[in-house]
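>>> Pasting the sequence and the predicted model now:
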Amino acid sequence: GAVVSQHPSWVICKSGTSVKIECRSLDFQATTMFWYRQFPKQSLMLMATSNEGSKATYEQGVEKDKFLINHASLTLSTLTVTSAHPEDSSFYICSASFETPYEQYFGPGTRLTVT
Amino acid sequence: RKEVEQDPGPFNVPEGATVAFNCTYSNSASQSFFWYRQDCRKEPKLLMSVYSSGNEDGRFTAQLNRASQYISLLIRDSKLSDSATYLCVGTLHRRNQGGKLIFGQGTELSVKP
């Protein structure tokens, strides 16, 4: 149980375009979803926390207008990277929780490359 | 100073070796700690929780020392399949924002035949 999927698993896009990444909890209802970014050889950095039906809470230094998060239902959250630039190339991972924010189920990640 | 610090390694060890990873954390308010394992280009997977009393799961032993704000992971009888990056993870409670996980940089382990 507690499976989280992400789509797409990898994407290549041109600079200036927008990319949407989906995160779904397949067999449970997620009260909270988290979006992380990981650069090579670095730790996972939390970008934002989202709860169904409310605005996402962004971590310090993360631009909310650039990284749009929508948490429309208890099983789906989306992250849209707007006007992507090469420096946005990274591994984006979502996670979902239902009982406690400290027990998170991770999606397989999305590798974004911006050319 | 990073909230959770680890030696990035890499640790290169032969099969059968015992290897120990260390981690320190800066926020004394952190309540819970975990070790995660992350394979290359994959998501992190929970390996085990860490308790002050120490806990063991097969070949893996984790220990938390709150006084020193220090966490350890010991792997005995290393297997080739143990090769991965091991992430030390703490938690942080935020009053109006809910809790979050704080990940260390990870320690890379390579077990050689």
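Sure, I can see it. Numbering: from 1, shown residues only, chains lettered A, B, ... in the order given.
>>> Look at B:Ser81 and give its secondary structure.
Following DSSP: H, G, I helix; E, B strand; the rest coil, we place B:Ser81 in the helix state.
>>> if I pick it, what's in contact with it?
Contact analysis of B:Ser81 by Cβ atoms under 8 Å, 6 or more residues apart in numbering or on different chains lists B:Val111. Backbone N, C-alpha and C define where each C-beta goes, glycine included.
>>> What of the one 10 residues further on?
For B:Thr91, the contact set (Cβ under 8 Å, 6+ apart) comprises A:102, B:30-33, B:99-102.
>>> Narrow those residues to those that are buried.
A:102, B:30, B:32-33, B:99-102 (16 or more other Cβ atoms under 10 Å in any protein chain shown).
>>> which parts of chain B sit against chain A?
Taking Cβ under 8 Å from any Cβ of the partner chain as the contact definition, chain B meets chain A at B:4, B:8, B:32, B:41-45, B:87, B:91, B:97-106.
>>> Kindly recompute the last result at 6 Å.
Where chain B comes near chain A, counting by Cβ under 6 Å from any Cβ of the partner chain, the residues are B:32, B:43-44, B:91, B:97-100, B:103-105.
>>> Going along the chain from the strand ranked longest in chain B, find the next helix or strand for me.
As assigned by DSSP state E, the longest strand anywhere in chain B is strand B:84-92. Counting by DSSP states H and E, the next helix or strand C-terminal to strand B:84-92 is strand B:100-103.
>>> Each with direction, which strands does that next one pair with?
strand B:84-92 (antiparallel) (DSSP bridges).
>>> Can you give the distance of the partner strand from its chain's centre?
In terms of Cα atoms, centre = their mean, to the nearest Å, the centre of strand B:84-92 is set 5 Å apart from its chain centre.
>>> Could you list the buried residues of it?
B:84-92.
>>> Return the residues of chain A in contact with chain B.
For chain A, the contact set with chain B under Cβ under 6 Å from any Cβ comprises A:43-44, A:46, A:57, A:93, A:101-102, A:106, A:108-109.
>>> What pLDDT is listed against the residue located most distally from the centre of chain B?
Within chain B, B:Asn96 marks the point farthest from the mean C-alpha position, 27.7 Å out by Cα atoms, centre = their mean. On pLDDT, B:Asn96 comes in at 72.
>>> these two touch, right, B:Thr24 and B:Glu5?
Yes: applying Cβ atoms under 6 Å, one finds B:Thr24 in contact with B:Glu5, separated by 5.1 Å.
>>> For B:Ser28, which non-adjacent residue is spatially closest?
Nearest non-adjacent residue to B:Ser28, counting by Cβ to Cβ, 6 or more residues apart in numbering or on different chains: B:Gln69, 6.5 Å away.
>>> I'd guessed the one you found sits against B:Tyr25; true?
Yes: using Cβ under 6 Å, B:Gln69 is in contact with B:Tyr25, at 5.1 Å.
>>> And those two? Which one has more around it.
Taking neighbours as other Cβ atoms under 10 Å in any protein chain shown, B:Gln69 and B:Tyr25 compare with B:Tyr25 leading, 24 against 16.
>>> how close does B:Tyr25 sit to chain A?
Using Cβ to the nearest Cβ, to the nearest Å, B:Tyr25 is found at 13 Å from chain A.
>>> Pull the contacting residues for that residue.
B:4, B:69, B:90 (Cβ atoms under 6 Å, 6 or more residues apart in numbering or on different chains).
>>> what does A:Gly109 give?
A:Gly109 neighbours (Cβ under 6 Å, 6+ apart): A:91, A:93, B:43.
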